[in-house]
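Enquirer: Here is my input; please provide its structure:
(chains A and B)
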Amino acid sequence: MTISTSLSQYAEPICTAADLTLDEAIALAHDGGTTTIASALHAGYTISDGEATR
Amino acid sequence: MSLALFDLGARLRAAETRTPTPVAQYAPLLPPNNPVAVLVQDVAGESVVSATDGRTTATRSGAKALTALDELGVGLDEIHRTLVVSDRAAMTHLARLAHANPRAAAAPVIAWWDQRADHPGTGAVVLTIEAARSRWVLGTAPDTERDLTPWLSWLGIDGAGADALLRLARRVANGPVLPGLLDYAGDDSNSWAYHRRRLAKGWSWASADSRMEAALGLATRSHATDLFESLRLADPLVATRAAWTGTVVSGVVQRADKDALVVAAHRPVSRLRVGAKVEGWAGHPGDVGTSDHLLRSGVVAETTLTSGGTLLVTVTDHVSSPHTFRPLETLSLRPARVVRSQQWMSRRGMRARYTRGGNWIAGRGRPPALRSDVPLDVVLAAADSTE
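Expert: Next up is the predicted model:
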């Protein structure tokens, strides 16, 4: 997935604060819905079969 | 930070799917009523108004800019029409034109639209971008969403101009309407009828409000905002997002007896303060409206954070139906719904107070001086302020 420069600039500090890289966040967006992405971003989880797991 | 993460998740999801991510299940506005979409622009220092009803489009500029609305039959008809504009700035620009051309046939209608635009949930005015943002998130940075063009592009609406704006507004209003919102149609009709009656009696719409009108107008605007926000929490997607701000708190019932319900929150985020009246439903925030097992009413008596980082919310005076909650059940809590009839009674009380003798808002006497203690940090912040 390619995201726009402006979205990338917006996302990077949020990802950094959540201790994730932007690529990891994008990978989460590929695999999960909004809530699971947020859960994963929030807790440092990974997503498996649409569910956020440690 | 939680909400930023949630919103980022929605944006990345939209970018991934190349489709706007819904953030509301219901349309957050009433279907437009015989709408007129208006684009207002400054071109070489001159206002240009382009208006359409979907069949006819008129564009006029300068001193005759508002005649574009006349050509679409905008006037003081018995049934009000819906104005569709891109955003608040466009509404303000249009109102400025009306004040500059008070004899224009559309001017008193614009004045009414301008005041209705301050009432969230109104069906009289669609602030299209704002409405679209409350329904979807785009796969872009938030700033990009403040323009019309990305919305047209992401939602696959061809063309530009007032016609495209009208189609966007119809798209935003498409689908089931937010429960309870239809009641607003009555508010708009009553307000429109009142506006027409006043004009018929010779009232000048361009005159400034009296202090009492201003105070009551502020109250209706404030009540409309509170009511709309309260209604929005009945939308499963809105409730899900609100769980990330702490406006909705979900968790597992840890203790349940006649004295109290104690809920161990899934996340240690809550805006439900001690003393707040709450309601709830069995299940997660997104289950709102689908569960028959309800917490009809309750009061937050205590919120505590355990040493393990779990937020415990204690609710007393709780009334559930059809049966009480039991330990290990999932429960979502929200602030108690705003009751329209109570708002109406409150405004009626205000009006009665203003018309009594000695009330300074009604122009009698002087406002009483009230003094109270101000926290030191507020005093210091005020002293530091350069404004």
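
Enquirer: Backbone dihedrals for B:Asp317, both of them.
Expert: When read as degrees, to the nearest 10, the backbone of B:Asp317 gives phi 50, psi 40.

Enquirer: So for the closest residue to it other than its chain neighbours, what's the pLDDT?
Expert: Setting aside the residues directly before and after it, B:Asp317 is nearest to B:Val299 in space (C-beta to C-beta, 6 or more residues apart in numbering or on different chains), at 4.8 Å. The C-beta positions use only the backbone N, C-alpha and C, and glycine is treated the same way. pLDDT, B:Val299: 97.

Enquirer: Burial check on B:Asp163, number of neighbours?
Expert: 19 (other C-beta atoms under 10 Å in any protein chain shown).

Enquirer: what's it in contact with, if anything?
Expert: Counting by C-beta atoms under 8 Å, 6 or more residues apart in numbering or on different chains, B:Asp163 touches B:37, B:52, B:54, B:57.

Enquirer: again, only this time at 7 Å
Expert: Under the criterion of C-beta atoms under 7 Å, 6 or more residues apart in numbering or on different chains, the neighbours of B:Asp163 are B:52, B:57.

Enquirer: coming back round to it: what's around the residue nearest to B:Asp317, how many residues?
Expert: Applying other C-beta under 10 Å, we find 15 residues neighbouring B:Val299.

Enquirer: Wait, it touches B:Val319, no?
Expert: No - if you go by C-beta atoms under 7 Å, B:Val299 and B:Val319 don't touch, sitting 10.6 Å apart.

Enquirer: In terms of helix, strand or coil, where does B:Arg364 fall?
Expert: coil (DSSP: H, G, I helix; E, B strand; the rest coil).

Enquirer: any idea how far B:Ser210 is from it?
Expert: Distance, B:Arg364 to B:Ser210, by C-beta to C-beta, to the nearest Å: 12 Å.

Enquirer: B:Leu380 now?
Expert: 38 Å.

Enquirer: out of these two, which sits in the busier spot?
Expert: B:Ser210 (13 against 10).

Enquirer: Excluding sequence neighbours, find me the nearest residue to the more buried one.
Expert: Sequence neighbours aside, B:Gly363 is the residue nearest to B:Ser210 in space, at 7.5 Å (criterion: C-beta to C-beta, 6+ apart).

Enquirer: That neighbour contacts B:Arg211, doesn't it?
Expert: Yes - at 6.3 Å, B:Gly363 and B:Arg211 qualify as touching, with contact defined as C-beta under 7 Å.

Enquirer: Just want to know which of the two has more residues nearby.
Expert: The residue with more neighbours, out of B:Gly363 and B:Arg211, is B:Arg211; 14 against 10, by other C-beta under 10 Å.

Enquirer: The more buried one against B:Trp360, yeah?
Expert: No - in this structure, B:Arg211 is not within contact of B:Trp360 by C-beta under 7 Å, at 8.0 Å.

Enquirer: What strand or helix carries B:Ala301?
Expert: Assigned by DSSP states H and E, B:Ala301 falls within strand B:294-305.

Enquirer: contacts for that strand?
Expert: The contact list for strand B:294-305, computed with C-beta under 7 Å, 6+ apart, reads B:260-261, B:268, B:270, B:272-281, B:311-321, B:325, B:331, B:336.
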